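Enquirer: The sequence and its predicted three-dimensional model are supplied below.
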Amino acid sequence: MSPISIPGKVTLSQTQVFPDDLDAAAYVLAIEAADGQELEPAVRLAYNAFIKGCKSDGIWDAIKASCILAGARTLNGALIPLKGTAPTNYNFVAGDYDRETGLKGNSAPSSTRYLDSNRNNTTDPQNNKHITVWVTSPDTTANCSYFGAGVNQSGSSTHFGASTTGHYFNLNSSLLLVGDSYSNTGLIGASRSNSTQFVYKTGGASSPTTVANTSAAPFNETIRIFRRGNLNAAYTNARLSFYSIGESLDLALLDSRVTTLMSDIGAAIP
């Protein structure tokens, strides 16, 4: 691996197993500064492969706010943003974090843990938007929200979660129920590229599904993870290891990249 130089940082030699992508290198340096120690070389390279892969797939630029909630040695490191502004942490502590499986929420009656993405639901265009999470262990209540701005009854909310009847989605739109298993894991999310339909994927599906669903002007509220918005809030006790927000992208490609990333991180950690 050839030496690289990052503005304002040291030049890294090829003997220091380190990312050869500048965005990945900067991300790793920020995590290691937050952790107070170096990552394993294989964790560094897992991040590098993910970022380079997203760029190769043409989905990197569409990701505007994201965290990989796995791999870092500490919770502070895990909350370093992959893209965009760092999330605000509400009540997660070190014991809620696992390097391989991510961050665990909680649910009623003690619902307190969530992340504020600090990205408003109105920031991305009404008809050019995606939201995803990676679920490593599902909610145990069969009634939860993984992501949200607004309320599930609102026709302009961005929101998804799980219930006894399966997963449900809003993407600047009215509520859509999906009759799958609420206990599915893996990539769960949706992407909209026009005003009349969007594409969704749940962890049990081999490929995304396109559904008719008309958009509306987005609800003005920051998007939260591990809960719905301020009105009629609902939380999740699921364990999540990735989230992304941004413009429309190919969910199948992102699913493949995150699947490989989580596998690589699991293999890299002793």
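Expert: Okay, I see it. What you see is a predicted model, and the numbers here were worked out from it, not measured in a lab.
Enquirer: Please name the residues that touch Ile131.
Expert: Counting by C-beta atoms under 8 Å, 6 or more residues apart in numbering, Ile131 touches Phe147, Thr158, Phe160, Leu171, Gly189, Ala190, Ile223, Tyr243, Ser244, Ile245. (C-beta placed from N, C-alpha, C; glycine too.)
Enquirer: any chance of those in TSV, plus distance to Val211, secondary structure and pLDDT?
Expert: Formatted as TSV, the contacts of Ile131 follow (distance: C-beta to C-beta, whole Å; DSSP: H, G, I helix; E, B strand; the rest coil; pLDDT from 0 to 100):
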residue	distance to Val211	secondary structure	pLDDT
Phe147	18	strand	90
Thr158	15	strand	90
Phe160	13	strand	88
Leu171	10	strand	91
Gly189	14	strand	92
Ala190	9	strand	94
Ile223	21	strand	95
Tyr243	22	strand	98
Ser244	20	strand	98
Ile245	20	strand	98
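Enquirer: Format those as a markdown table; extra columns: neighbour count and distance to Ser111.
Expert: Formatted as a markdown table, the contacts of Ile131 follow (neighbours: other C-beta atoms under 10 Å; distance: C-beta to C-beta, whole Å):
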| residue | neighbour count | distance to Ser111 |
| --- | --- | --- |
| Phe147 | 28 | 15 |
| Thr158 | 29 | 20 |
| Phe160 | 28 | 17 |
| Leu171 | 27 | 24 |
| Gly189 | 28 | 22 |
| Ala190 | 30 | 24 |
| Ile223 | 27 | 18 |
| Tyr243 | 26 | 18 |
| Ser244 | 27 | 23 |
| Ile245 | 26 | 22 |
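Enquirer: and these as JSON lines, adding distance to Thr112?
Expert: As requested, the contacts of Ile131 are arranged in JSON lines below (distance: C-beta to C-beta, whole Å):
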{"residue": "Phe147", "distance to Thr112": "17"}
{"residue": "Thr158", "distance to Thr112": "22"}
{"residue": "Phe160", "distance to Thr112": "21"}
{"residue": "Leu171", "distance to Thr112": "27"}
{"residue": "Gly189", "distance to Thr112": "24"}
{"residue": "Ala190", "distance to Thr112": "27"}
{"residue": "Ile223", "distance to Thr112": "18"}
{"residue": "Tyr243", "distance to Thr112": "19"}
{"residue": "Ser244", "distance to Thr112": "24"}
{"residue": "Ile245", "distance to Thr112": "22"}
